[in-house]
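Engineer: Need a 3D model of the following:
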Amino acid sequence: MNIPHWEERFRKFLIDECNHYDDGAHGLAHIQRVVASSKRLTKLEGADSNIVIPAAWLHDCIVVPKNHPDRSKASQMAAEKAAGFLRRSGYQEKYIHPISHAICAHSYSAGIQPETIEAKIVQDADRLDALGAIGIARCMMVGGAIGRPIYNTDDPFCDYRAPDDQSWTIDHFYQKLFKLPESMNTKSAKIEARSRVALMENFLDEMKSEITMDDSLNHQMT
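Structural biologist: Residues are numbered from 1 along each chain as shown. From the prediction side, this is the model:
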């Protein structure tokens, strides 16, 4: 398969026929990062790029908002749309089912276990993009889009309460994001995920110091 040729077709399909500019956190830049991570992991794990690369490009060809009731079905909807596009375009039929499985299994909310190394790689690559500096930016973008406050003013860092990411954005770090490293399927992704989580923990430490400083200044002024 001439993968570079197909990559141009995948990119054009996303731009022309998909809703990638409705959700900044899942737009073309996100997909390009997932593709890049997938390529690195494919080389390290000896996976089939004829499966991994199409799945990485097309994994979010349908985007459903985080707070939508059909969110858990988004990856299966994307898999169906991707399979239809691949068949119409003449992609080899033997790859379409494993590509569809990789797309279905990439989603955290879908809860589908990846059964192949290719599906594991796409899932890892997508989850890596939820971590680190990019992960922080994406999380804040999603929180702002759905009108969710940054943090709970009484207990910003879930010291005395269970995280509730339906109500506060920072809670998403504790409820989901900090758990992702242990959910990674490949050793390389696990190592990278832990490094990115360390950066996020440093970010929260800085936020904590700024919130404490603001509280101290407010007390001095009253």
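Engineer: what's the domain layout of the chain?
Structural biologist: Domain segmentation of the chain under automatic domain parsing yields 1-118, 130-217.
Engineer: which of those domains is buried the deepest?
Structural biologist: Most buried of these by mean neighbour count (mean count of other C-beta atoms under 10 Å) is domain 1-118; its value is a mean of 18. For glycine as for every other residue, the C-beta is placed from the backbone atoms N, C-alpha and C.
Engineer: returning to what we had before: what's the closest of the domains of the chain to residue 124?
Structural biologist: For the domains of the chain, the distance to residue 124 is smallest for domain 130-217, at 3.7 Å, taking C-beta to C-beta.
Engineer: tell me how far that closest one is from the chain's mean position?
Structural biologist: 14 Å (C-alpha atoms, centre = their mean, to the nearest Å).
Engineer: Could you list every helix and strand in contact with the longest helix along the chain?
Structural biologist: Determined from DSSP state H, the single longest helix within the chain is helix 187-221. Judged by 3 or more C-beta pairs under 8 Å, 6 or more residues apart in numbering; DSSP states H and E, helix 187-221 is in contact with helix 28-45, helix 117-128, helix 132-145, helix 180-183.
Engineer: Turn the ones you listed into a markdown table, including mean pLDDT and distance to residue 52.
Structural biologist: Listed next are those as a markdown table, based on pLDDT from 0 to 100; distance: least, C-beta to C-beta, whole Å:
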| stretch | mean pLDDT | distance to residue 52 |
| --- | --- | --- |
| helix 28-45 | 96 | 5 |
| helix 117-128 | 98 | 5 |
| helix 132-145 | 94 | 20 |
| helix 180-183 | 96 | 19 |
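Engineer: In TSV: the domains of the chain, plus distance to residue 124.
Structural biologist: Below are the domains of the chain laid out as TSV (distance: least, C-beta to C-beta, whole Å):
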stretch	distance to residue 124
domain 1-118	6
domain 130-217	4
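Engineer: which ones are touching the residue lying closest to residue 80 once chain neighbours are set aside?
Structural biologist: Nearest non-adjacent residue to residue 80, counting by C-beta to C-beta, 6 or more residues apart in numbering: residue 100, 7.6 Å away. Residues in contact with residue 100 (C-beta atoms under 8 Å, 6 or more residues apart in numbering) are 79, 80, 82, 83.
Engineer: circling back: using JSON lines, lay out the helices and strands packed on helix 187-221 together with distance to residue 165.
Structural biologist: Output for the helices and strands packed on helix 187-221, formatted as JSON lines (distance: least, C-beta to C-beta, whole Å):
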{"stretch": "helix 28-45", "distance to residue 165": "19"}
{"stretch": "helix 117-128", "distance to residue 165": "16"}
{"stretch": "helix 132-145", "distance to residue 165": "9"}
{"stretch": "helix 180-183", "distance to residue 165": "14"}
